[in-house]
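[1] curious how this folds, go ahead:
(chains A and B)
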2 protein chains.
Amino acid sequence: METKASICILAFYFFLTCIKSSPLQFSKETYLKTRQSFLDAEEKLKIGGNLTLTAKEEKANAALMRLKYAEINASRNGAPFPPSMHFFKGKPIIEKSSVFKILQKMPKGAALHLHDISLTDIWWIVKNVTYRPNCYMCQDVNKSSIKFHFFANPPQNPGCPWMLVSHQRQVSGDRSKFDQMLYNSMSLVVDDPVKTYPTIDAVWAQFLHCFDVANGMVNYLPVFKDYFYEALNEFRLDNVQYIELRGLLPQVYDLNGRTYDKTTVMQIYQDVFNQFKRDHKDFSGGKYIYSSIRIKSPTDILGDVKLSLSLKTNFPEYFAGYDLVGQEDPGKSLLYYIDPLLYPQQQNPPIKLPYFFHAGETDWEGTPTDDNLIDAVLLNTTRIGHGYALTKHPKVLQAVKQKQIAIEVNPISNQVLKLVDDLRNHPAASLIAEGYPVVISADDPSVWGARGLSYDFYMAFMGMAGEDADLKFLKQLALNSLQYSAMTPQEKSNAMNLWKYKWDTFIEDINEAYWYHNHMGRNEL
Amino acid sequence: METKASICILAFYFFLTCIKSSPLQFSKETYLKTRQSFLDAEEKLKIGGNLTLTAKEEKANAALMRLKYAEINASRNGAPFPPSMHFFKGKPIIEKSSVFKILQKMPKGAALHLHDISLTDIWWIVKNVTYRPNCYMCQDVNKSSIKFHFFANPPQNPGCPWMLVSHQRQVSGDRSKFDQMLYNSMSLVVDDPVKTYPTIDAVWAQFLHCFDVANGMVNYLPVFKDYFYEALNEFRLDNVQYIELRGLLPQVYDLNGRTYDKTTVMQIYQDVFNQFKRDHKDFSGGKYIYSSIRIKSPTDILGDVKLSLSLKTNFPEYFAGYDLVGQEDPGKSLLYYIDPLLYPQQQNPPIKLPYFFHAGETDWEGTPTDDNLIDAVLLNTTRIGHGYALTKHPKVLQAVKQKQIAIEVNPISNQVLKLVDDLRNHPAASLIAEGYPVVISADDPSVWGARGLSYDFYMAFMGMAGEDADLKFLKQLALNSLQYSAMTPQEKSNAMNLWKYKWDTFIEDINEAYWYHNHMGRNEL
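    Residues are numbered from 1 along each chain as shown, chains lettered A, B, ... in the order given. Next up, the predicted model:
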């Protein structure tokens, strides 16, 4: 493959030299041939460009592309185009899209960039968790903020007295309005996001606040297990077969006020993963990336690094590695933590702690935040979370390509958290065009009302890969997600076999729906 | 230089191979050294990265960077950041910026991407042209639109009768409100651009309408000459010493209703250029790029190509070449015009008509518009206008670098005409980081209330080149603008000598203002 690529590059260079030096007469036919070679060369470079579709896939592709062209052409002629709109406005349009319905059905492989507390639909918390016994809430005097907690007997809490949610719901007089209020307290979704969140700091403040609110309920032991089980199921139902999630290993509590340490919480994750896999043979499982918030002291980070090393030993199947999380711009840089981060490889013999660093989730070029990309690569990160600023770093790009460091791109997250408005301007469009090792993920889907990976796949497919990107692109994204996961070779092989089976079924289903039965007369699976 | 670059690339590749294969212990010192090499390597690649500043330039740079860091740090801590705001909102903030004041003083070399009818401040049209005798206006019944024309005796114009502007101004009762109304009729500037121009098509419709309104006055022979002379002066006062402009060679008329053909209009441009150069020895002149609107028939385009060949022969000093203009998305593609565009090189012997194609001024990847970039390169364009979509075309990027095809980047235009909101997301940030042949220009400054090049330089310097981009970047932009102009080698050499003199004076002035007199206590030149 590499030799072929080299020959192609050489040939292209030769071609450029030719057209530069030749004052020859150019017939239209020669021109059109040269032009086609140029288009083909770019096509080859794109993610998926090296795949060859089977006859059945070609058929499914034709159906898919017919729908894609129709939607894009409508937008080019005035219809709203979701990737260029705020997600809160575009979401209902996406949900009507036939392309989106196909993407929901598509086996998407793995979701590799997710956070523990924003996986499961907030309506599940509202409709399931807040309806459980012993669920309390408190609101401060001006009702600007809300807290939740489970208690056998709530303690005194002056200024914000604990009330049973069930009771509050009853006295509210309007259950559905009350539940909507609970939903809103954990969600970023608003009618006018541009006005409500004028700056990146404003949206991040509310984003973190949503987590605080939900944590009060989710960290209650029975809910904690159910929440994660439900998360796995939501992704499975969105045709994702494996996830890797970042998490803080939070302090889980029970009704008696007992709390559980991080190792025990990791054990809980392992138990739920195992249970879910027992219950669902079509799911490949997942792994956990322990993450510290990037405001801690270097000493604390050293403790977290050491804990990670111990978790890696004790949970070899489910523990993947370590990361630092939180708003990157105001947070501490990787360089600030260089001593603890170098600790594993400075042992004798060096120990390998896989890193999965968030890096370059910023618009501020040339700043210490922006330079996190450089440290991530020099610290041998396994993947890069976001890497939004990557295209401003040609040397990091070289390293990423050479070392095959996957970039975890989260389109909707980057838009809602105000790095970019129109996703056609997302820098990953360039990475896709040049075949970088990109995977598409969802970051914190529940907080902005998304579910699973399909919404982000829609953005990537419709807005970030060009009108002409087709099934090859989608297939390669799914393949990438398994290939760049932290699975062992054996796990990957198993997951790939499962995925291939799902993929073949998916192709059959498209052809069934769009060709055999309906002669293209039907628009839905 | 090329050998050096090859050695660097080889060394970097070796370095990457090393860090990939080495499971060695890494001391912090080794790490930090490696890190610095990495940063240096990226720094070298950036536009200006290969320049070495003199001691005096270093001093001026220190003053400039102190101001730049202060402004960016204020924005990172909550102050508004003009490159991430709509220009109509950011403009008054820019005008208070000390960095902007330095950029105004800086000799910026050449402005290579401008259009004939949007060069001169619209207030000059209002305060000078509309106060001239014989200037008539008409407004349709609902006063939604306005037209201007100079007449000795205005014809009957039922539905929109011609009235003397002077008379209308008098009866309006409020001169300044009346003049503001005239200004608004030719300008895109509004209080709420996001609401007023919800889509790219809406803003383009109004944009083209502004030209229609102004044309009625500007195409009047005496005004036509004065307008262009005034344009040259505005750019000169903004410390631009040379311009290349696209234009339609419009139908100029006189008071007697006589109209002038395109060759005569080209002669008028030549006369004004010559007059202006006689009057201002510190100005290097400019060149004209004849342009057709991309809605014409291929037959008409063939006529325009032939006219261009004749103008090139008849105005060797001032005629640069040919382009196609207008909104690119709905317009015809270069491929559509391939027959007339191949005409010059299909002659025996082939004739060289330099092309300066607008290409890739679009967010719609994978469309015929997007592919204009490929045709521009294959048709041997001398430069690319906008090239906004370039970073989605890796093979075009290779060609651009190899053939040194300059990219004419117009930051404010791309924002106001709705390709991108936050200029930190402008794809040229990547081109700058990787040292592509970029020049910064202004496109149609008067229509959005800018003047000369300084506003666009501010966007590039503050928002598109990183916090750490310094005087080397600015100097290289100025050097690029002369190097990639259509001047002959002799003209370039003269222009470069003039520029060097201006540059040295500029450096002296900064040091004078910020170091010698005020010990950095003063913030203005």
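[2] residues near residue A:490, how many?
    Residue A:490 sits with 8 neighbouring residues when counted by other Cβ atoms under 10 Å in any protein chain shown. For glycine as for every other residue, the C-beta is placed from the backbone atoms N, C-alpha and C.
[3] same check on residue A:221?
    Quick note: residue A:221 (other Cβ under 10 Å) scores 18 neighbours.
[4] got it, and the one 3 residues further on?
    Applying the criterion other Cβ under 10 Å, we find 22 residues in the vicinity of residue A:224.
[5] would you mark the buried spots in the helix or strand where residue A:264 lies?
    Assigned by DSSP states H and E, residue A:264 belongs to helix A:262-279. Across helix A:262-279, burial judged by 16 or more other Cβ atoms under 10 Å in any protein chain shown covers A:262, A:265-270, A:272-273, A:276.
[6] out of the residues you listed, the closest to residue B:479 would be?
    Checking the buried residues of helix A:262-279 against residue B:479 by Cβ to Cβ gives residue A:262 as the nearest, at 57.0 Å.
[7] helices of the stretch 251-400 of chain A, start to end?
    Per DSSP state H, counting those that start in this stretch, the stretch 251-400 of chain A carries helices over the ranges A:262-279, A:298-314, A:338-346, A:372-378, A:394-403.
[8] quick one: low-confidence ranges for the stretch 1-150 of chain A?
    Applying pLDDT under 70 to the stretch 1-150 of chain A picks out residues A:1-25.
[9] what about 50?
    Across the stretch 1-150 of chain A, the ranges flagged by pLDDT under 50 are A:1-2, A:8, A:14-23.
[10] where along it do the helices fall?
    Secondary structure of the stretch 1-150 of chain A, counting by DSSP H, counting those that start in this stretch: helices at A:2-21, A:28-45, A:55-76, A:87-96, A:98-105, A:122-127.
[11] count the neighbours of the residue nearest to residue A:87 when sequence neighbours are not counted for me.
    The shortest distance from residue A:87 to any non-neighbouring residue, by Cβ to Cβ, 6 or more residues apart in numbering or on different chains, is to residue A:412 (5.0 Å). Applying other Cβ under 10 Å, we find 26 residues neighbouring residue A:412.
[12] name the SS class of residue A:412, please.
    helix (DSSP: H, G, I helix; E, B strand; the rest coil).
[13] contacts only, for it.
    Listed by Cβ atoms under 8 Å, 6 or more residues apart in numbering or on different chains, the contact partners of residue A:412 are A:87, A:442-443, A:445, A:448, A:450, A:455-456, A:459.
[14] can you tell me which of these are buried?
    For the contacts of residue A:412, buried by 16+ other Cβ under 10 Å: A:87, A:442-443, A:445, A:448, A:450, A:455-456, A:459.
[15] relative to chain B, which of the residues you listed is nearest.
    For the buried ones among the contacts of residue A:412, the closest approach to chain B (Cβ to the nearest Cβ) belongs to residue A:459, at 13.1 Å.
[16] tell me the secondary structure of the closest one, please.
    Assignment for residue A:459 (three-state DSSP): helix.
[17] hmm, residue A:81 and it touching each other?
    No - using Cβ atoms under 8 Å, residue A:459 makes no contact with residue A:81, being 10.8 Å away.
[18] tell me which helix or strand of chain A sits lowest on mean pLDDT?
    helix A:2-21 (a mean of 49; mean pLDDT, DSSP states H and E).
[19] would you list the phi and psi of residue A:220?
    For residue A:220, the backbone dihedrals (degrees, to the nearest 10) come out as phi -80, psi 120.
[20] quick one: it from residue A:255, how far?
    From residue A:220 across to residue A:255, the span is 8 Å (Cβ to Cβ, to the nearest Å).
[21] still on that earlier bit, next, format the contacts of residue A:412 as a markdown table and append secondary structure.
    A markdown table is the format used below for these (three-state DSSP):
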| residue | secondary structure |
| --- | --- |
| A:87 | helix |
| A:442 | coil |
| A:443 | strand |
| A:445 | helix |
| A:448 | helix |
| A:450 | coil |
| A:455 | helix |
| A:456 | helix |
| A:459 | helix |
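[22] just give me the neighbour total for whichever residue of the stretch 251-400 of chain A sits closest to chain B.
    For the stretch 251-400 of chain A and chain B, the shortest gap (Cβ to the nearest Cβ) falls at residue A:366, measuring 2.9 Å. For residue A:366, the neighbour count with other Cβ under 10 Å is 20.
[23] interface residues of the stretch 201-350 of chain A facing chain B?
    By Cβ under 8 Å from any Cβ of the partner chain, the residues of the stretch 201-350 of chain A that approach chain B are A:201, A:329, A:335, A:338-339, A:342, A:345-346, A:348, A:350.
[24] same thing but 6 Å
    With Cβ under 6 Å from any Cβ of the partner chain as the criterion, the stretch 201-350 of chain A meets chain B at residues A:345-346, A:350.
[25] and if you look at chain A?
    Residues of chain A lying near chain B by Cβ under 6 Å from any Cβ: A:16, A:20, A:23, A:25-26, A:35, A:38, A:41-42, A:45, A:345-346, A:350, A:363, A:365-367, A:374, A:378, A:391-392, A:394-395, A:399, A:402-403, A:420-421, A:424-425, A:429-430, A:433-434, A:466-468.
[26] how about the residue of the stretch 251-400 of chain A closest to chain B: what's its closest non-neighbour residue?
    Excluding its sequence neighbours, the residue lying closest to residue A:366 (Cβ to Cβ, 6+ apart) is residue B:466, at 2.9 Å.
[27] doesn't residue A:365 make contact with the one you found?
    Yes - with contact defined as Cβ atoms under 6 Å, residue B:466 reaches residue A:365; the gap is 3.7 Å.
[28] so for those two, which residue has more residues nearby?
    Remark: of residue B:466 and residue A:365, residue B:466 carries more neighbours, 26 against 23, as counted by other Cβ under 10 Å.
[29] before we move on, the earlier item: what's near enough to touch the residue of the stretch 251-400 of chain A closest to chain B?
    B:466-468 (Cβ atoms under 6 Å, 6 or more residues apart in numbering or on different chains).
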